[in-house]
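Asks: My questions are about this predicted structure, shown below with the sequence.
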Amino acid sequence: MIKEEGLVTLPLKSRGEGNIRHMGIVWKRGQINTAFRRRYFVLDKGVLRYYRDQRSFSNNTKWLGGLSCENMTVDEDLGRFQDRFLFTVTDGRGRKLHCACETLEQRQTWCLYIRNVAA
């Protein structure tokens with residue numbers, strides 16, 4: 001397991017085992033209120049889910065939203081906004097999550113894990 005501030009990486013398992021692939025803090029832009037909000041993302045069981053915070057995830061609180069990883073694409077070359085590194089995740093139905101990470105390395109790691117699960 002690798003730990004960084006706001007980021008936990010577990011060993012990548014083969015697809016379909018239902019194990020958590022990756023989890024940590026990602027900033028997500030809302031659809032109605034377009035401000036970026038800090039959310040706790042979990043990549044698990046072929047779904048990218050997000051919770052209000054890590055406590056909500058730990059307490060098994062209902063997640064706020066998510067996307068199926070089936071046919072998911074990631075666009076990570078979107079530059080920066082307010083010192084955060086942007087990327088967009090799009091599911092097979094065209095639904096998008098506009099996201100940002102605090103470091104370039106975090107963004108690259110998230111994009112790598114999402115692509116591996118979506119492949």
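Replies: That came through, no problem.

Asks: which ones are touching residue 67?
Replies: By C-beta atoms under 8 Å, 6 or more residues apart in numbering, the residues touching residue 67 are 47, 48, 89, 91, 95, 97. C-beta coordinates here come from the backbone N, C-alpha and C atoms, glycine included.

Asks: Which residue, other than its chain neighbours, is closest to the residue most central in space within the chain?
Replies: For the chain, the residue lying nearest the average C-alpha position, counting by C-alpha atoms, centre = their mean, turns out to be residue 41 (4.7 Å). The shortest distance from residue 41 to any non-neighbouring residue, by C-beta to C-beta, 6 or more residues apart in numbering, is to residue 26 (4.4 Å).

Asks: just checking, what packs against the helix or strand encompassing the one you found?
Replies: Element membership for residue 26, per DSSP states H and E: strand 20-29. Applying 3 or more C-beta pairs under 8 Å, 6 or more residues apart in numbering; DSSP states H and E, we find strand 20-29 packed against strand 7-9, strand 36-44, strand 96-101, helix 104-118.

Asks: Distance from the chain centre to stretch 82-96, please.
Replies: Counting by C-alpha atoms, centre = their mean, to the nearest Å, stretch 82-96 is centred 9 Å from the centre of its parent chain.

Asks: Revised request: answer the last question for stretch 27-41.
Replies: 12 Å.

Asks: list the buried ones in it?
Replies: Across stretch 27-41, burial judged by 16 or more other C-beta atoms under 10 Å covers 27, 28, 29, 36, 39, 40, 41.

Asks: and the first one, what does it touch?
Replies: Right, the one you point to is residue 27. Counting by C-beta under 8 Å, 6+ apart, residue 27 touches 36, 37, 38, 39, 84, 99, 100, 101, 102.

Asks: and of those residues, the nearest to residue 68?
Replies: residue 99 (16.2 Å; C-beta to C-beta).

Asks: for the closest one, what are its contacts?
Replies: Contacts of residue 99 (C-beta under 8 Å, 6+ apart): 26, 27, 28, 29, 41, 86, 87, 88, 89, 110.
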